[in-house]
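**Q** structure of the sequence below:
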Amino acid sequence: MYMNKTKRNLIIASAIINLIGVTVSLTLSIILMTNPTLLQDYADLYYLLSYSTNIFYTVISFAVGIAGSIFLLYSVRKKGKYFRRSQGLYATGFVLIIFFGGWLSWLLLFISMFIPDVIIMNTKSEVRQEQRMEDQQAKAKEQEYEEKKRKIEELKQLRDSGAITEEEYKQKLFDLL
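**A** Predicted coordinates for the structure are as follows:
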């Protein structure tokens, strides 16, 4: 069972676009600070991509934007399997990107708000495959348990027959477990 793919993809796209946007904004601010005449011909582009010429605000915006993107990406990990458990991280990332992210990022998040995060079932073949894998893992654990149990019984018999000493028995038992 996983979350709605459209919603997950919009959240991931928003996080990635935000990462790119805050990085470009910080880079342009640093370039403008070091050489103000370099971007004179592209001032309109800079003001479109950047929030402010204040480097302090841009650095804070960069850090908060990175944190918001990380929260969003973490909330949809493993195909959104744990999305319902990480609603707090999603909401925090959402708020951080709304206040400190670029307009395209928050537009995608705004659109994703209207898509239900309904958990959808996998196809029948995927469900059967997952069930087979779980059954195989359970059988493997059971076989491992039975194998250890058999070896412990053999060690007890060897100890009881005097083939190994008590110390050797304890050492081999410790190694086994």
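
**Q** any buried residues in the strand or helix carrying Glu130, and which?
**A** Using DSSP states H and E, Glu130 sits in helix 124-161. Burial within helix 124-161, assessed by neighbour count using 16 or more other Cβ atoms under 10 Å, is assigned to Leu155, Arg159. C-beta here means a position set from N, CA and C on the backbone, and glycine is covered the same way.

**Q** domains in this structure, by residue range?
**A** Following automatic domain parsing, one gets these domains for the chain: 5-113, 124-176.

**Q** any idea how far the first one is from the middle of the chain?
**A** Computed by Cα atoms, centre = their mean, to the nearest Å, the chain-centroid distance of domain 5-113 equals 17 Å.

**Q** how long is that domain end to end?
**A** Criterion Cα to Cα, to the nearest Å; first-to-last residue distance in domain 5-113 is 13 Å.

**Q** which pLDDT does the model give Val118?
**A** As predicted, Val118 sits at a pLDDT of 60.

**Q** gap between the residue lying closest to Glu166 once chain neighbours are set aside and Arg150?
**A** In space, and not counting its chain neighbours, Glu166 is closest to Arg159: 6.7 Å by Cβ to Cβ, 6 or more residues apart in numbering. Noted for Arg159: a distance of 15 Å to Arg150, by Cβ to Cβ, to the nearest Å.

**Q** check what contacts the host helix or strand of Lys170 and list those residues.
**A** Secondary structure assignment for Lys170, by DSSP H and E: helix 166-176. Taking contacts as Cβ atoms under 8 Å, 6 or more residues apart in numbering, the residues outside helix 166-176 that touch it are Lys148, Lys151, Ile152, Leu155, Lys156, Leu158, Arg159, Ile164.

**Q** swap in 7 Å and give it another go.
**A** Helix 166-176 has contacts (Cβ atoms under 7 Å, 6 or more residues apart in numbering) with Lys148, Lys151, Ile152, Leu155, Arg159.

**Q** buried residues in it?
**A** Tyr169, Lys172.

**Q** quick one: which of the domains of the chain has the weakest pLDDT on average?
**A** Across these, domain 5-113 has the smallest mean pLDDT, namely a mean of 79.

**Q** dump the residue contacts of Val64.
**A** Neighbouring residues of Val64 by Cβ under 7 Å, 6+ apart: Leu96, Phe100.

**Q** am I right that it sits in a helix?
**A** Yes: assessed with DSSP: H, G, I helix; E, B strand; the rest coil, Val64 lies in a helix.

**Q** what's the distance between it and Leu28?
**A** According to Cβ to Cβ, Val64 stands 17 Å off from Leu28.

**Q** right, I'll leave it there.
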